[in-house]
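# return a 3D structure for these sequence lines:
(one chain, ligands or ions: 2)
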Amino acid sequence: METLLLDENQLDIAVKLITSGEVVGIPTETVYGLGADASNENAVRKIFQAKGRPADNPLIVHLADFSEAEKYTRYIPEIARKLAEKFMPGALTIVLPKNEKIPLVTSGGLDTVGIRVPAHPVMHRLIELTGRPVSAPSANKSGYPSPTTAQHVMRDMDGIIPAVIDGGECQYGVESTVISVENEDTVRILRPGCITPEMLGTVSGNVIVDKAVLEGLETGEKASSPGMKYKHYSPSADIVMIESDLEKFTEYVGENYGEGIYCLIFDGDRENFPYRYMTYGKDSQEQAQQIFRRLRELDDCHAVRVYVRSPEKSGVGLAVYNRLIRSAGFEVIRL
Ligand code: TXA
Ligand code: MG
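Ligands and ions are numbered 1, 2, ... in the order given. Now for the predicted structure:
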């Protein structure tokens, strides 16, 4: 199958594909997704197949407006409504109790569903035109870094899905913040993103960051979100996180340098840095926007091992830190 690369004037083709049960690569403001009709079990199965995704890892359902969530859920807590009011459309996913309109295939067997209202105008229009709830995981092969351009999607999915819509480079670069509601005053962050704990705290009295965001799961420990269980964001290269100042970082790399070794450093570290490197931005926003692209580029360079300067853990930095520490298998060298 030849995969079509569509532009935003060819949305009608994408709409026809989705309403007839096919999978299309779609742009969002976070990362590219693999979109299909969330209410069509066969279409949803095709998503799992294209990604090579474990069947128990649920898909997020994308809607044109949060008011539509009434159709697919059993109950919406007041705090969820307030958060939606403030942050949707946008990079937030709220896990809610699902009803029978969302098949168990879509929810990975859970009785909940993650609801997101994307802000990207092309994606928004696409959902409206299909008139369907659109399930969409990130459009990478399972375990690989998420795609932030249509070309990344083509690289992972060419010949596997019928079409990809090119909506330009993603604005945020990391996936949405996923939260669950503990009670009317408390939310739990299952996956950090560009809607930060601080931002959620302006609406919710209590914001808990799930332990697995920073530390990973112990053997046998139950995951609050199935996605936490799986190895993720991993390029072929071995990623090694180093938490230290630039001087100690440079010294450490020097002692461990050789063929295939690369460094991922901050823009500001560049001057006189003596080893092979790529940079990933000067602040957390830029780091988020660039991180997946860099991980893919490091593979293009055939990097064998990458020493990464550990980012800030506050604000959007928490999302960058979470993606990197997962790609590093939760190991950090502190100097
Ligand atoms: O920004 C995003 O959220 C992107 C774009 C395409 O919208 N989508 C995305 O989907 O990142 P995916 O499937 O790659 O990641 C969804 C994560 C997974 O880790 C999954 O386990 C978790 O959200 N998740 C989904 N539904 C859930 C549920 N009902 N309960 C707990 N976790 C859930
Ligand atoms: Mg993903």
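
# residue contacts, Ala139?
If you count contacts by CB atoms under 8 Å, 6 or more residues apart in numbering, Ala139 has them with 25-26, 31-34, 51, 146-147, 152-153, 156-157, 164. Every C-beta, even on glycine, is put in place using the N, C-alpha and C of the backbone.

# out of these, who's near ligand 1?
Here is what survives when the contacts of Ala139 are matched to ligand 1 using CB under 6 Å from any ligand atom: 31, 33.

# can you tell me which of the contacts of Ala139 lies closest to ligand 1?
Ligand 1 lies nearest to Gly33 out of the contacts of Ala139, by CB to the nearest ligand atom, at 2.8 Å.

# so of the contacts of Ala139, which ones are in strands?
25-26, 33-34, 164 (DSSP state E).

# tabulate these in TSV, adding columns for neighbour count.
What follows is those, written out as TSV (neighbours: other CB atoms under 10 Å):
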residue	neighbour count
Gly25	32
Ile26	29
Gly33	31
Leu34	28
Val164	28
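
# dump those to TSV, plus pLDDT.
Formatted as TSV, these follow (pLDDT from 0 to 100):
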residue	pLDDT
Gly25	98
Ile26	98
Gly33	98
Leu34	98
Val164	98
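
# these: which two are farthest apart?
Spanning the widest gap among those are Gly33 and Val164, at 10.5 Å by CB to CB.

# any residues in contact with both of these two?
By CB under 8 Å, 6+ apart, Gly33 and Val164 have these common neighbours: 25-26, 139.

# nearest to Ser39, of the residues you listed?
Ile26 (16.8 Å).

# my guess is the closest one meets Ser135, correct?
No - using CB atoms under 8 Å, Ile26 is not in contact with Ser135; the gap is 11.0 Å.

# overlap of the contact sets of these two?
Counting by CB under 8 Å, 6+ apart, the contacts common to Ile26 and Ser135 are Gly35.

# what bits of this structure have low per-residue confidence?
Along the chain, segments meeting pLDDT under 70 are nowhere present.

# what parts of it come near ligand 1?
So the chain meets ligand 1 at 28, 30-31, 33, 57-60, 93, 95, 107, 110, 112-114, 116, 136-138, 175-176, 178, 190-191, 225-227 (CB under 6 Å from any ligand atom).

# so Pro274 touches Phe249, yeah?
No - look at Pro274 against Phe249 with CB under 8 Å: they stay out of range, at 11.6 Å.

# find the closest residue to ligand 1 in this protein.
Gly227 (1.8 Å).

# list the buried residues for stretch 244-257?
For stretch 244-257, a neighbour-count test (16 or more other CB atoms under 10 Å) marks 244, 249-250, 252-253 as buried.
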